[in-house]
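> Sequence below, structure please.
(chains A and B)
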Amino acid sequence: MEEIANLAHGFSVALTLPNLGFMLIGITLGVLIGVLPGLGGANGIAILLPLTFSMNPTSAIIMLSCIYWGALFGGAITSILFNIPGEPWSVATTFDGFPMAQQGRAAQALTAAFTSSFVGALFAVALITFLAPLLARFALKFGPAEFFAVQLLTFCSFVGMSKEPPAKTIAAMMLGFALAAVGLDSVTGTLRMTFGVTELLKGFDFLIAVIGLFGIGEILLTMEEGLAFKGKTAKISPKVVFHTWAEIGRYWKTFLRSTAIGCWMGITPGGATPASFMSYGMARRLSKNGASFGKGEIEGVIAPETAAHAAGTSALLPMLTLGIPGSPTAAVLLGGLLIWGLQPGPMLFVEQKDFVWGLIASMYLGNIVGLLVVLTTVPWWAAILRIPFSVIAPVIIVICAIGAYTVHSSLFDVFLMLGFGVLGYLFKKLKYPLAPMVLALVLGDMAESSFRQAMLLSQGSLSIFWSNPLVGSIAGLAIALLVWPLFGKLKGWARAKETTRGAVGGVR
Amino acid sequence: MSEPSDRADATVGTRWFEMTVALLLMAVAGLVVFDSLRVGIGWADDGPRSGYFPFYIGVLLLGASGWIALSQVFRWAQEDPPFAERGQLALVIAVLVPMAVYVVGIYLLGIYVASALLIGYFMFRYGKYRPIVALPVAIGVPLVFFLVFERWFLVPLPKGPIEQLLGF
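Predicted structure coming up:
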């Protein structure tokens, strides 16, 4: 098994003392980011990215991806103890996690959440270990038409799978593409959509957009809820941990099902948030105790947490192998790769073996370190949330401003960040999805250049997307996903005719 | 951007927000299409011109936002779902304004002084802290950032007249 040898080599890269140190720093920062409102995986990494430019890429990606694992763990703490989802993907965890905390079973809920996160991630990393090299080898045969077809598939699946209205998904996505096109066109050297403004020459950086949309936008949303957090306390003792582990072993079916949902949703860019809802819904429907879901059922904590972590982890699979991120956070990591001079995609597995396998090995280690860190330090994180929001909020605004400034040392970017913040708030309130917009902003240039190259090959005929079975089936799948909501509509319409109250399908 | 006060209850409707955002997106789409036409959407000798791809992006954006605007027009007479409570919106604006002032403050005073003012203002105004508590935090946090960025990571952040006076 070539993969095992590669992985062993990866462990030798990741298991050095400095890299373990970066792992620990990353996890700690990540949990902090996950706990604080307004700072999440995506914008937290975006803010810290400029600080890693001087590090060697392998150490940098290990630290940044550990921030991501930490943020995934941290989201559960606030949802269970404070009923405030620190991250969108932990909303479903509040349904049963907070009732458990209210009944004085916070420690069990937290242990279950962390353990399920760990299990979900572990399965997803194993999947990456064995599937990524295969996918990369397969993708080496891809031409521009195939790449554009895969990108099309990514964006079409957003339209088909998101719970937001399709028109709004398309609008948000196209806004992302339009913003990505601003500036110098690298192929012809023409200036596009700058309208004589010099600051627009370099275009819109997606890091600024991420910091504004997710950071400032989130602060504005949190302000609506007022300024006070009221929560439960929790202390985790080893006895409770082992007791809970013995108890949750019974739910292995839930674990497996949630992992499968999570991995699927992570690889196709559904993302962690819909995965957690879908998994929660499935568990409620299939569980013997389905009726007591929402009243503090431990299975209701396991299902969303496993799926969210599996999705968050497997989102890195298409990012590494195809250069197409499965989530906004993966998109930010992809941006980091580009800045360090690494071209994500199948060639990465050929040219940068140290980097790729070091990263994959660090995923195993990072999640083990993460589990230990969160299990031992929960009371401290809960204490941080007791700091009043009137202190936390301005500090987070300052951090966002510094993060936006350091990307290009440009004050104009700080103004832009504020603009994106307001946009993020309005979009969230009006149910425009943010993830496709960010992904379009990141992938815009890549999608455009592969489309142009494909068009050059075919002399402008769209038939190139059906010219061979491979590209044809990808493009066909993309179209199928695009029109998926129409099927749902038709079904809903037919059902509404039968019964007076049509059931609302999908996850809510 | 407030709802015409035909109703006296404490929420603000979604209607106008929805319409404004859709119209803004349509305007952006118009700009994209207009500029793509300017740089050329056809083929040159060496392949597609610069406007080739953005043009279709603009058209799709126009279509999607136009659809949103139209369906809002058709829903106009129906019940207006709440966007937010008036009090909530007031809170949001109460944060947004200091944020905007802060960004201008960075431009004029540098990031450290502006940050101290922002933190102090928030703690004093919303946290109801006495100045004796608010002042150390407001000064301490930017000081920590100064040490971390300027000293440790050697990343220079924007500085203003006060830092210059101190010789940085």
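
> what's the closest non-adjacent residue to the residue of chain A found nearest chain B?
Per CB to the nearest CB, A:S390 is where chain A lies closest to chain B, at 3.2 Å. Where you see a C-beta, it was placed from the backbone N, CA and C, and this is true even at glycine. Among residues not flanking A:S390 along the chain, B:G127 sits closest, at 3.2 Å (CB to CB, 6 or more residues apart in numbering or on different chains).

> Same question for A:S59.
Using CB to CB, 6+ apart, the nearest residue to A:S59 is A:F22, at 5.3 Å.

> show me the contacts for that neighbour.
Each residue near A:F22 by CB atoms under 8 Å, 6 or more residues apart in numbering or on different chains is listed here: A:S59, A:I62, A:M63, A:C66.

> near chain B, which residues of the stretch 401-508 of chain A?
Contacts of the stretch 401-508 of chain A with chain B, taken as CB under 8 Å from any CB of the partner chain, map to A:401-402, A:405-406, A:409, A:411, A:414-415, A:418, A:421-422, A:425-427, A:429-430, A:432, A:448, A:451-452, A:455-456, A:460.

> and B:F153, how many neighbours?
B:F153 is surrounded by 14 other residues when neighbours are defined as other CB atoms under 10 Å in any protein chain shown.

> For chain A, see how far away it is.
Plainly put, B:F153 is 6 Å away from chain A if you go by CB to the nearest CB, to the nearest Å.

> Pull the contacting residues for the closest residue to that residue other than its chain neighbours.
Leaving out its chain neighbours, the residue that sits closest to B:F153 by CB to CB, 6+ apart is A:L51, at 5.6 Å. Residues in contact with A:L51, defined by CB under 8 Å, 6+ apart, are A:T406, B:F153, B:V155.

> Does the last one touch A:T52 like I think?
No. Here B:V155 does not reach A:T52: they are 11.5 Å apart, not a contact under CB atoms under 8 Å.

> the more surrounded of these two?
Neighbours per residue (other CB under 10 Å) separate B:V155 from A:T52, with A:T52 holding more: 20 against 17.

> Tell me the pLDDT of residue 163.
Answering for chain A, as no chain was given. Looking at A:K163, its pLDDT stands at 72.

> That was the other one, I meant chain B.
For B:E163, pLDDT reads 81.

> Kindly provide the distance from it to B:L25.
As judged by CB to CB, to the nearest Å, B:E163 and B:L25 stand 41 Å apart.

> ok, now how distant is the residue nearest the centre of chain A from A:A92?
Compute the mean C-alpha point of chain A, and by CA atoms, centre = their mean the closest residue is A:S327, 3.8 Å away. Separation of A:S327 from A:A92 (CB to CB): 16 Å.

> and if you look at A:A132?
According to CB to CB, A:A132 stands 28 Å off from A:A92.

> so how many other residues sit close to the nearest residue to A:Y364 once chain neighbours are set aside?
Nearest non-adjacent residue to A:Y364, counting by CB to CB, 6+ apart: A:V125, 5.7 Å away. Number of residues near A:V125 (other CB under 10 Å) recorded here: 21.

> which stretch of helix or strand covers the nearest residue to A:P388 once chain neighbours are set aside?
Nearest residue to A:P388 in three dimensions, chain neighbours excluded: B:G127, at 5.4 Å (CB to CB, 6+ apart). For B:G127, there is no helix or strand it lies in under DSSP states H and E.

> Then A:A42?
helix A:41-48.

> Would you mind pulling up the elements that that helix packs against?
Using 3 or more CB pairs under 8 Å, 6 or more residues apart in numbering or on different chains; DSSP states H and E, the elements in contact with helix A:41-48 are helix A:17-35, helix A:57-82, helix A:206-210, helix A:328-339, helix A:389-408.
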